[in-house]
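>>> What follows is a protein structure lacking sequence information:
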């Protein structure tokens, strides 16, 4: 097989992300406007929105969530982009990672120089039960027919992981505690609280109500309590599952050769990959994602880098077990070693490879169509040294990555950005 | 503005299209398999499906129509393509024209050499009322809020056209009669009947039932009868509206430089363009599509061709008036002259610029996600001289085109193919 190379490189010169949360009274196109304005403000040397050649926007299912499809032209109108082209991409929770990818290809093709990529989703207008139904449409038809909801699929994966490597729920607690420790440092996070914050809030509530105050020894003891952390699909409990969220994200992508017109500090695409897989029953290995491995292989080949070169990464953590398994598939840790690395603090903000510095989907929020580009926003901010209180402390921070998963693994992407 | 050029050209080396119609008892992934098999068989020198680097598939809303989203991986599994990438594009009824476009860009980018592009939709599992609801989601929110259904929007456009240019319903009859004349020549057509066939069938039915036999003088007289051609949204009547359909389409796209490995007669991409527009109320001109004009401008610029070079074209005729207005926007005829050209027979199979040789959406069918690539299949067949009984009789047939519209004009594409 020939080595896959782009004819022309691309760089990120601006990014924007809304505050994530539940905003059912807002119109979801407003989210995109908010992210766009932040993105425009972030471009050091400024830019004229009229110079945008094309837009790619990821959205999972506004058809289902807000009864309005064909959002491309709505976004184009919102941004004064009409009559220029806008294309929607869909790959379930990886929808906007695909938008990013198509934006890169459009630039590499020679057709366009300046491309806006982004994503959005408004999930809060549906009930929780309806959201579960809407998301279930993104898993394989065989999974749905077997009654396999998303928590069920990931619960099964966790059970398999536990059995294979001797781990237990403590492995999941460690992921959750680590992610929540980053959350208060991210002003965009839906839940900007540590697990200790949740614990103290609960204790305070009991005191105020005059109820007996629970005696939790530590965060893990708190997470073990089935009252505060009830089972969803064993061993997935409430604190193992990311929330339902609304929000939007965007990035401005430009051709490598003109990037310095926008900023003295562009962040370049080093490599990107995309893979597909099918139903859980077709998995050869229950504790691995074939699509993630393929995406990583493509991205590493394109970049000439290896997993050892990745200094930090966003990793799709729709459920706590997903973060562990994906880290292993991406080569950050050997199979069966991921959970030990988390326990050892290696993935903390001050660890050897910080994972989900943003707080991850679990704490930052997961408006599915927005997530892929939201992850890349975080990588871009970190590489620019602009991640505020959650900035990775490394004076030589050069290479970061984002891994995005769609459905129960049907679509996976891995994207490596670098500062040169 | 710099001239937009692709770094690398692309060619079509194979195509497939299912018989279109209503097949509610089939699973819609079967349609894609059927189109794929026909495409594979059409490749003169054969090919190995394992050599496909990536897939782009257009689908409007399987979320709504069959309660299953995230179809990319389902298609990938079906074709043995896992774990390689598959991406869904959505632009309402132009969804698969966008898939074609992204396939071209992926090849032009240097990343891939062989890309499968296609589209599909299964609309027949919903009632007609539900389909109307599902399609309405593709128009602008302002149109829906005003009670503007699709026939309403196009009815308003026809009314404006009539008022501006002095045309009347006869202009629409001419389009319908012309398209239906091509239909029996297309074995894939959902309604392979001429208007005269419909008329004779109705007469026969009356005779058999012993009812009085209507005395229609000709096809136009038949179409004027409100019993057989009732109003839908004036002046749009039943025979002005394309049907609800199921089906799938696909094409194999390869890099220009390797096209001869697949066939001695590749059909090359000459130019492509894509435009966007918004709500009907924002139109500066009710009898023109800004997005179509922009798409045509891009495609002509890329190809170095003009509208005079287009020897035949598929033109998006979701409603009869749409064909007339689009032909004018594409420069085939001057504004206000399109309906006269149809009346004069210029767009017939033996006219100076045959339009919708396939029979168009009106007679061939319109499974929305499949349509864009289905149109390009027709252009490819015609340029190869393989369109059977509907083959355009021109020994120097070299340049054909396809125009696809999404929603009420929100997304438009124009693609020019050529034989070299």
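Nice, thanks for sending it over. Because the structure is a prediction, the values reported are computed rather than measured.

>>> quick one: furthest residue from the center of chain A?
Computed with CA atoms, centre = their mean, the residue of chain A farthest from its C-alpha average is residue A:210, at 40.6 Å.

>>> Give the buried residues for the host helix or strand of residue A:223.
Assigned by DSSP states H and E, residue A:223 belongs to helix A:219-224. Using 16 or more other CB atoms under 10 Å in any protein chain shown as the test for burial, helix A:219-224 gives A:219, A:222, A:223, A:224. Glycine gets a C-beta too; all of them are placed from N, C-alpha and C.

>>> from those, which is closest to residue B:345?
Distance to residue B:345 across the buried residues of helix A:219-224 (CB to CB) is lowest for residue A:223, with 77.1 Å.

>>> how much space between the closest one and residue A:206?
17 Å (CB to CB, to the nearest Å).

>>> Tell me how far the lowest-mean-pLDDT helix or strand in chain A lies from the chain's centre.
Among the helices and strands of chain A, helix A:141-145 carries the lowest confidence by mean pLDDT, DSSP states H and E, at a mean of 87. Remark: helix A:141-145 is offset 25 Å from the chain centroid, using CA atoms, centre = their mean, to the nearest Å.

>>> what sits up against the following helix or strand past it?
For helix A:141-145, the following helix or strand on the C-terminal side (DSSP H and E) is helix A:150-165. Helix A:150-165 has contacts (CB atoms under 8 Å, 6 or more residues apart in numbering or on different chains) with A:132, A:135-136, A:139, A:143, A:148, A:167-168, A:171-172, A:232-236, A:240-241, A:280, A:286-287, A:318-322, A:324-325, A:335-336, A:339, A:408.

>>> let's go with 6 Å and repeat that
With contacts defined as CB atoms under 6 Å, 6 or more residues apart in numbering or on different chains, helix A:150-165 is touched by A:135, A:168, A:232-236, A:280, A:286-287, A:319, A:321, A:336, A:408.

>>> what does the stretch 51-200 of chain A have sitting close to chain B?
Contact residues (CB under 6 Å from any CB of the partner chain) of the stretch 51-200 of chain A with chain B: A:61, A:63-64, A:67-70, A:72-73, A:76-77, A:82-83, A:85-88, A:90-92, A:98, A:102, A:105-106, A:108-111, A:137-138, A:141.

>>> Could I have the ChimeraX command that selects the buried members from the residues you listed?
Selection of buried members from these for ChimeraX, criterion 16+ other CB under 10 Å:
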select /A:61,63,64,68,69,70,72,73,76,77,82,83,85,86,87,88,90,91,92,98,102,105,106,108,109,110,111,137,138,141
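
>>> Out of the residues of the stretch 51-200 of chain A next to chain B, which sit inside strands?
A:86, A:87, A:88, A:90 (DSSP state E).

>>> and those as CSV, adding distance to residue A:400 and pLDDT?
Compiled in CSV, these are given as follows (distance: CB to CB, whole Å; pLDDT from 0 to 100):
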residue, distance to residue A:400, pLDDT
A:86, 28, 98
A:87, 27, 98
A:88, 27, 98
A:90, 26, 98
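
>>> thinking again about what came up before, so which of the buried residues of helix A:219-224 is the closest to chain B?
Chain B lies nearest to residue A:223 out of the buried residues of helix A:219-224, by CB to the nearest CB, at 31.2 Å.

>>> Please look at that closest one and residue A:173 and confirm they touch.
Yes - taking contacts as CB atoms under 6 Å, residue A:223 lies within contact range of residue A:173: 4.9 Å.

>>> what does the stretch 301-420 of chain A put close to chain B?
Going by CB under 6 Å from any CB, the residues of the stretch 301-420 of chain A near chain B are A:407, A:410, A:411.

>>> For chain B, state which of the residues you listed is nearest.
Each of these was checked against chain B using CB to the nearest CB; the closest is residue A:410, at 3.3 Å.

>>> okay, now that closest one: neighbour count?
30 (other CB atoms under 10 Å in any protein chain shown).

>>> All the strands of the stretch 301-420 of chain A, residue numbers only.
Counting by DSSP state E, counting those that start in this stretch, one finds strands in the stretch 301-420 of chain A at the ranges A:312-315, A:399-406, A:411-419.

>>> Please tabulate those strands in CSV, including the columns mean neighbour count and mean pLDDT.
As requested, the strands of the stretch 301-420 of chain A are exported to CSV (neighbours: other CB atoms under 10 Å in any protein chain shown; pLDDT from 0 to 100):
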stretch, mean neighbour count, mean pLDDT
strand A:312-315, 28, 98
strand A:399-406, 29, 98
strand A:411-419, 27, 98
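
>>> I'd like to know which of the ones you listed lies nearest to residue B:301.
Across the strands of the stretch 301-420 of chain A, closest to residue B:301 is strand A:411-419 (CB to CB), at 31.5 Å.

>>> Which elements pack onto that closest one?
Here strand A:411-419 touches strand A:267-276, helix A:290-303, strand A:399-406, going by 3 or more CB pairs under 6 Å, 6 or more residues apart in numbering or on different chains; DSSP states H and E.

>>> could you check the angle strand A:399-406 makes with that strand?
Interaxial angle of strand A:411-419 relative to strand A:399-406 (axes from the mean of the first three to the mean of the last three CA atoms, to 10 degrees): 160 degrees.

>>> Can you tell me what sits against strand A:411-419?
Counting by CB under 6 Å, 6+ apart, A:91, A:94, A:97, A:267-268, A:270-276, A:291-292, A:295-296, A:299, A:303, A:379, A:383, A:398-405, B:72 sit against strand A:411-419.

>>> Then stretch A:374-388?
So stretch A:374-388 is contacted by A:12, A:15, A:17, A:249, A:265, A:267, A:314, A:358, A:392, A:400, A:402, A:417, A:419 (CB under 6 Å, 6+ apart).

>>> Report pLDDT for residue A:3.
Looking at residue A:3, its pLDDT stands at 65.

>>> what does the one 5 residues further on give?
Residue A:8 is assigned a predicted lDDT (pLDDT) of 96.

>>> residue contacts, it?
Per CB under 6 Å, 6+ apart, neighbours of residue A:8: A:108, A:255.

>>> give me that answer again for 7 Å
A:107, A:108, A:110, A:255, A:256, B:7 (CB atoms under 7 Å, 6 or more residues apart in numbering or on different chains).

>>> Can you report phi and psi for it?
Main-chain torsions, residue A:8, degrees, to the nearest 10: phi -150, psi 140.

>>> Count residues in the vicinity of residue A:100, would you?
33.

>>> Just to be sure, it is in a helix?
Yes - counting by DSSP: H, G, I helix; E, B strand; the rest coil, residue A:100 is part of a helix.

>>> start to end distance for stretch A:109-127?
End-to-end span of stretch A:109-127 (CA to CA, to the nearest Å): 43 Å.

>>> what's next to stretch A:101-115, contact-wise?
Contacts for stretch A:101-115 (CB under 7 Å, 6+ apart): A:6-8, A:10, A:51-54, A:56, A:87, A:89, A:117, A:253-255, A:258, A:269, A:272, A:274, A:413, B:4-7, B:102, B:105-106, B:108-111.

>>> From those, which land in helices?
Judged by DSSP state H, helices contain the following of those: B:102, B:105, B:106, B:108.

>>> Could you pull up the residues touching the closest residue to residue A:24 other than its chain neighbours?
Spatial nearest neighbour of residue A:24, excluding adjacent residues (CB to CB, 6 or more residues apart in numbering or on different chains): residue A:124 at 4.1 Å. By CB under 7 Å, 6+ apart, the contact list for residue A:124 reads A:22, A:23, A:24, A:244, A:246.

>>> May I have the phi/psi pair for residue A:124?
According to degrees, to the nearest 10, residue A:124 has phi -80, psi -10.
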